[in-house]
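Q: Give me a 3D structure for the following:
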Amino acid sequence: METYGTSKAGLLFFTAACKELAPHVRVNAVAPYFVDTPLVSASHVLNEHPKLLKLGMLKPERVVESMLRAICDESLAGDTLVIYDGKKDTKLALYDDLALKVTSGIAAGMFGKIFSGIGRITAAIARKLMH
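A: Model prediction:
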């Protein structure tokens, strides 16, 4: 789990450092809470972590909206958009422990599914940008 957390922190700091490249190059990040995807909503994940259902999960479309904002909003550079829908304080209080447990379980041997999900999100962004 240390590798997972370290890589996430590295991306956030890298994104912030890239602010100096603006306006010619803009780098932004999107940091959603748990997203309602087959990977996260698998019955074993929800059974092991029922708090996810109480807190609610983001719809993938909500994440795509934030990604489009990160791409299109020229006032953003070196920013990380943190996405929470409602109950922000509750989610923040539970985030570290819950995220650690859920993501460590998901990360164990499921990279193919993760990359497949990233591909679907990228395709959705491309479709939105073309319209």
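
Q: show me where the protein has helices.
A: When secondary structure is read from DSSP state H, the chain shows helices at 2-17, 43-48, 51-55, 60-72, 88-107, 111-130.

Q: what sits against residue 66?
A: Contact partners of residue 66, counting by CB atoms under 8 Å, 6 or more residues apart in numbering, are 30, 32, 81, 83. For glycine as for every other residue, the C-beta is placed from the backbone atoms N, C-alpha and C.

Q: Out of these, who's the most crowded?
A: residue 30 (20 neighbours; other CB atoms under 10 Å).

Q: I'd like the distance from that residue to residue 43, if you could.
A: Distance, residue 30 to residue 43, using CB to CB, to the nearest Å: 27 Å.

Q: again with residue 80
A: Computed as CB to CB, the residue 80 to residue 43 distance reads 31 Å.

Q: Between those two, which has more neighbouring residues?
A: A side-by-side neighbour count of residue 80 and residue 43, using other CB under 10 Å, places residue 80 first with 15 against 7.

Q: Much appreciated, bye for now.
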